[in-house]
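Q: please find the sequence and the predicted model below.
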Amino acid sequence: MGRVRVLVVDDHRIFAEALAATLAAEADVEVGVAGSAAGAERALERAAAEGRAFDVILIDADLGPVGAAALRRPRQQAEPEGQFGRAPAPGRLSVPTQPGPLRPPAGPAPDGLPLLARACRTYPELRAVVLAREDDPRRAVRALQAGACGWVAKDSSLPRLMAVIRGVLRDETHLPPALLTGVVRELTAARRDRTESERLVESLTPREEEVLRCMVAGLGRQAVAERLYLSPHTVRTHMQNVLGKLGVHSTLAAVAVARRAGVSPSEPAAPPTPRATPTVATGPGAG
């Protein structure tokens, strides 16, 4: 295995810089740092354009939507996001990770997992690992579904983290043993829910399933009537039948069942292709 390029994405400056310095002390590792989702996407794009794409991205599960611009070092000491660095001595990941005054107390939802999903879609060869302060089976399942290959506690040792990094580069999936049981339970429950939802959807008639797909697309009764060329009264009857067969009492709940069953939204019909107007010959030679 050649040199490994790793991008650390964390808006907690102290943790991110300590982790980057620790990793960069490894002889075969180069490290970039980004403090926000936008900064990470710029770093990934720039590295790919330069032919030096990152191999692994380590993403804070609780990454702030905006980043920690106010926490960066003074301008004269700052390094651009994504710049490779090297540090003199290795250490552990267990640097201060408590929020303290470094994180805003509350705000929008974390941007770590959405960034992970976007990065994995855009760069299929990139291996993504989540850095988390606590094990959360439900979020771990979401991370795996978004494309993550690993989940590592922020207080892990350097050998543990390096084992995960090298493992995911061999197409392995790494989860802490304490998290594995919860992840399997969540996946089993999700599959059970999907199977039950599929069974309920299969009870619908073809026309009712068409109406359900329109509901998944967010269409109201009148819009469904126009798309399926039905009367609003008929659509109302079909919608009531759909709710009854799915065992729910609202359109929102019906859509939730449909999504678990993998029902795709209805697409508008393609406009008919206009017919060519026949050319009528005129003039002395016509006829």
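A: Yes, it's here. Numbers count the residues shown, from 1 in each chain.

Q: contacts, neighbours, all on C-alpha from now
A: Will do.

Q: can you tell me the SS state at Phe54?
A: coil (DSSP: H, G, I helix; E, B strand; the rest coil).

Q: wait, what's in contact with the nearest residue to it once chain neighbours are set aside?
A: The shortest distance from Phe54 to any residue other than its chain neighbours is 4.8 Å, reached at Arg5 (C-alpha to C-alpha, 6 or more residues apart in numbering). Residues near Arg5 by C-alpha atoms under 8 Å, 6 or more residues apart in numbering: Val29, Glu30, Val31, Gly32, Ala53, Phe54, Asp55, Val56.

Q: Arg5 belongs to a helix, doesn't it?
A: No. Secondary structure assignment places Arg5 outside any helix; it is strand (three-state DSSP).

Q: what helix or strand is the residue most central in space within the chain on?
A: When the chain is reduced to its mean C-alpha position, the nearest residue by C-alpha atoms, centre = their mean turns out to be Ala117, at 2.8 Å. Taking DSSP states H and E as the definition, Ala117 sits inside helix 112-122.

Q: could you point out which element follows that helix?
A: Remark: after helix 112-122, the chain's next helix or strand is strand 127-132, criterion DSSP H and E.

Q: which elements pack onto that next one?
A: Contacts defined by 3 or more C-alpha pairs under 8 Å, 6 or more residues apart in numbering; DSSP states H and E place strand 127-132 against strand 56-60, helix 112-122, strand 148-153.

Q: got the angle for the shortest one vs strand 127-132?
A: It refers to strand 56-60. Here the directions of strand 56-60 and strand 127-132 differ by 20 degrees (axes from the mean of the first three to the mean of the last three C-alpha atoms, to 10 degrees).

Q: sec struct for Arg259, please.
A: Secondary structure assignment for Arg259 (three-state DSSP): helix.

Q: which residue packs closest to it, ignoring adjacent ones?
A: Distance criterion C-alpha to C-alpha, 6+ apart; nearest residue to Arg259, sequence neighbours excluded, is Val216 at 7.7 Å.

Q: quick one, what contacts the one you found?
A: Residues in contact with Val216 (C-alpha under 8 Å, 6+ apart) are Val255, Ala258, Arg259, Val263, Ser264, Pro265, Ser266.

Q: now do 10 Å
A: With contact taken as C-alpha atoms under 10 Å, 6 or more residues apart in numbering, Val216 is in contact with 210, 251-252, 254-259, 263-266.

Q: secondary structure element for the residue lying closest to Asp135 once chain neighbours are set aside?
A: Of all residues not flanking Asp135 in the chain, Leu179 sits nearest, at 6.2 Å (C-alpha to C-alpha, 6+ apart). Mapping Leu179 onto the secondary structure by DSSP H and E places it in helix 177-202.

Q: what about Ala148, neighbour count?
A: Neighbour count of Ala148, defined by other C-alpha atoms under 10 Å: 26.

Q: do you know how far it is from Arg118?
A: Applying C-alpha to C-alpha, to the nearest Å, one obtains 11 Å for the distance of Ala148 from Arg118.
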